[in-house]
Structures are given as structure tokens and as C-alpha cells.
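A.B. asks: The following comprises the amino acid sequence and a computationally predicted model.
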Amino acid sequence: MYISRQKKLFKDSPVKKHSLVLACLFILSSTMILSHEPKYLRPIKFAAGATFIKLPVPLERYEIDFLSLEADKDQVITIYLDSPFKDLQLEFTTWGERRIIKRFSNYPFYRGRLPSKGKYVVKLKSTGKAQEARLFVAINPRGEEHQLWSVSSPDASFAFGYNDLFYLEEEPSGETPVPPYRYSLRYVNTEDYQKTNLKDACFSIMQIDPEKPEEKAPGTGFEPLETKTENLGGKTLSFSLTEEGAAGTKYEIYTWSYQTEKMPVKFQLILATSNLGNYPPGKYVEFDRDSLLAECRKIIQNWGKTGAKLAKLGDVINSVPL
């Protein structure tokens, strides 16, 4: 019917044949795209009752992969594309192509409240070399602001809990951790990165081997601006704050040290913020570091504890294929 209308429209036109061919090609190409859609748009399938999934996503150089999921309005979602090479792009849109985020970053992620009920598209791209990336997706139960996770070392001597404002980064090797243990939690609350001068925030929990040289964080060579003793969850810790500035970026290093029977444990938040003076007035506001510090102190308070109500993150890793 559409073609017959086109014939009628261009009946007396000197370019009717050319135009009709273009119209047919357009219809044919559209049909081909629709017919291939199920092959390239893969659904993310959660196990029954599960609220998160972690999937291997092999990407060739410059390859693009599309995945889809469905969720309700106001549900909180966390998406993190993890890889040791970092040459990645993450784009998250509604089914109608209304972009929620497009992130070129060493840490491509999104965490936020969904604007509508329906289907969403996750677009992944390797902007450099081929790599074995990992995609983490968590959708909080309806009405729940946070999900809680717990992590325990293989020998059960090192355990802590955290909520979904953070993402637990994996070791690049993917091997089972061995002492001294070190875990890194990337702060992923996207609204703070979009509306404030926050550039990056990472909270690390690590054992310190007295016989090995310790890796130095930015700013740790400077004299502390503040030192004191804090009591958190029945633990007495030494606290220090140092700062360093470079190229319009301010680094703040908050460190809590705790002595255990085996190895000393260090909790460290490295916070990077930009100078608000580098932007037009009103474009960004100052990041609420006190709120993030409160979340970090909660983790320290609960360090060494696990609970039945905390999901163990490792239980279902890679258990549900696409």
C-alpha cells in the first residue's frame, strides 16, 4: 500500500523511477534492521528472585554491544562496566532513545533512579583494544533505596559490608585474593558526578604487610593537615587527612589505621574534586564530602562483621548467562 501511494505521488514526475527505487530501498533497509533486532539487542535476564547480575562481556576492538532490561519507574539501578584496560564507553538510554547518560571514562558506570517504566538499552563499546569486560547490573527492589552486600576473604579473616553507593572493583587478574588483602570500592552515585565538582572517589580497605613497601597514595608525602583518634564500632583508629592540588584538581586523602593481631588494616578514601572557579557560576555545587565520609565510617564500623541479611556478592557471579 505504501509503495502504491508512492507510485501515485510520483506518477507524472520525471524522477519518479529514481524516487520509487529510493523508497523501496528505505523500506527494505528498515525491514532488515527490524528483522535483525532480536539478534543484537540481548535481554539481561536475572535469576528468579535475584536483584543483581554480573556478566562477562567480551568486546573486540571498537566493537559495540547492545543489551536491554525492563524496570519500573523510580526503581534505583546500578550499572558498572569493569575492565583492567579502561578503554570503554557506556551509554544508557530509554527505549525511545532518551539518553540518561553517556560516559567516556576510566570508570564507566551509572547509578540513579529510573525516570519511567519500560525497556532500557545498555550500549557498550570498546574504544581501544579487545578486552574481557565485566558488566554488573543491580536493580533495587521496588521502594528500596539501597541494596546491601557483604564481602569475605577466602580464609574468612577479612570481612566487611557496604551498600550500593559503591561498586566493588575486581582484581584485573580475576584470581582468588591472597593476603595481604586489598579491596577497592568505587563511589558510583551518578547524581553527584553530574551536579557537583566531584571527579572521583575510591574507598580502599587493605592489610599492610610490615615486611613489604607500602604503595603510596597521592598526597601521602605531605604533612597531615589533621590527625586524631576515632572510635568506630568499638575499634580505636588513628585518623589523618592530607591534601594535594594539581592542574585544577584537589586530592583529599582520609586515612584510618587499625592494629589487629595479624596485620595492620588501613581504610583510605581518596577524593578528587575540581575547582569550582574553573566553571561558569552555578554550573556545579560543592560536593557533600561529609555525607560520603559518613558512609565510609559505616563501613569501618561494620568491618569484621557479616550478617544473614547481607547478600554475598560472590554467590551468583556469572551464574546467569545472557
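C.D. replies: Cool, the structure landed.
A.B. asks: If you drop the residues flanking it in sequence, what lies closest to residue 161?
C.D. replies: The spatially closest residue to residue 161, leaving aside those adjacent along the chain, is residue 150, at 4.4 Å (C-beta to C-beta, 6 or more residues apart in numbering). Any C-beta I mention is one placed from the backbone N, CA and C, and that applies to glycine too.
A.B. asks: Count residues in the vicinity of that neighbour, would you?
C.D. replies: The number of residues packed around residue 150, counting by other C-beta atoms under 10 Å, is 19.
A.B. asks: What of residue 73?
C.D. replies: 11.
A.B. asks: what separates it from residue 116, distance-wise?
C.D. replies: 5 Å (C-beta to C-beta, to the nearest Å).
A.B. asks: what residues go with each domain of the chain?
C.D. replies: As given by automatic domain parsing, the domain ranges for the chain are 43-139, 148-301.
A.B. asks: tell me the average confidence for the shortest one?
C.D. replies: Along domain 43-139, the predicted local confidence has a mean pLDDT of 86.
A.B. asks: Likewise for stretch 279-296?
C.D. replies: On average, stretch 279-296 scores 94.
A.B. asks: Strands of the stretch 201-322 of the chain, start to end?
C.D. replies: 226-232, 235-246, 249-258, 265-274, 311-312 (DSSP state E, counting those that start in this stretch).
A.B. asks: just how off-centre is the first one within its chain?
C.D. replies: Meaning strand 226-232. Its chain's C-alpha centre and that of strand 226-232 lie 30 Å apart, by C-alpha atoms, centre = their mean, to the nearest Å.
A.B. asks: Show me what it is packed up against.
C.D. replies: If you count contacts as 3 or more C-beta pairs under 8 Å, 6 or more residues apart in numbering; DSSP states H and E, strand 226-232 packs onto strand 235-246, helix 289-301.
A.B. asks: Make TSV out of the ones you listed and add distance to residue 187 and mean neighbour count.
C.D. replies: Shown next, in TSV, are these (distance: least, C-beta to C-beta, whole Å; neighbours: other C-beta atoms under 10 Å):
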stretch	distance to residue 187	mean neighbour count
strand 235-246	17	15
helix 289-301	6	16
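A.B. asks: So which of the ones you listed is nearest residue 183?
C.D. replies: helix 289-301 (10.2 Å; C-beta to C-beta).
A.B. asks: Contacts made by that closest one with the rest, please.
C.D. replies: With C-beta atoms under 8 Å, 6 or more residues apart in numbering as the test, helix 289-301 has contacts from 160-163, 165-166, 185, 187, 201, 203, 205, 230, 232-233, 235, 237, 252, 254, 256, 258, 267, 269, 271, 273.
A.B. asks: Are we agreed that the residue nearest to residue 161 is in a strand?
C.D. replies: Yes. Residue 150: assigned to a strand according to DSSP: H, G, I helix; E, B strand; the rest coil.
A.B. asks: Now that residue 226 has come up, it's in contact with residue 243, right?
C.D. replies: No. Applying C-beta atoms under 8 Å, one finds residue 226 not in contact with residue 243, separated by 9.8 Å.
A.B. asks: Please identify which of the helices and strands packed on strand 226-232 is closest to residue 263.
C.D. replies: Per C-beta to C-beta, nearest to residue 263 of the helices and strands packed on strand 226-232: strand 235-246, 14.7 Å.
A.B. asks: For that closest one, C-alpha coordinates in PDB please.
C.D. replies: Only the C-alpha atoms of strand 235-246 are listed here, as PDB (Å, rounded to 0.1, in the frame of the first residue of the first chain):
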ATOM      1  CA  LYS A 235      37.600   0.000  67.300                       C
ATOM      2  CA  THR A 236      40.200   2.700  68.100                       C
ATOM      3  CA  LEU A 237      41.700   4.000  64.900                       C
ATOM      4  CA  SER A 238      44.300   6.700  64.100                       C
ATOM      5  CA  PHE A 239      42.900   9.200  61.600                       C
ATOM      6  CA  SER A 240      44.800  11.600  59.300                       C
ATOM      7  CA  LEU A 241      43.900  14.000  56.500                       C
ATOM      8  CA  THR A 242      46.300  15.200  53.800                       C
ATOM      9  CA  GLU A 243      45.700  17.200  50.700                       C
ATOM     10  CA  GLU A 244      47.400  17.800  47.300                       C
ATOM     11  CA  GLY A 245      46.400  20.000  44.400                       C
ATOM     12  CA  ALA A 246      47.400  19.800  40.800                       C
END
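A.B. asks: Show me how far that strand is from its chain's centre.
C.D. replies: 25 Å.
A.B. asks: tell me the angle of that strand relative to strand 226-232?
C.D. replies: Calculated by axes from the mean of the first three to the mean of the last three C-alpha atoms, to 10 degrees, strand 235-246 forms an angle of 140 degrees with strand 226-232.
A.B. asks: going forward can the numbers begin at 515, since that is how I track them
C.D. replies: With the count now opening at 515, the last piece we talked about shows up as strand 749-760.
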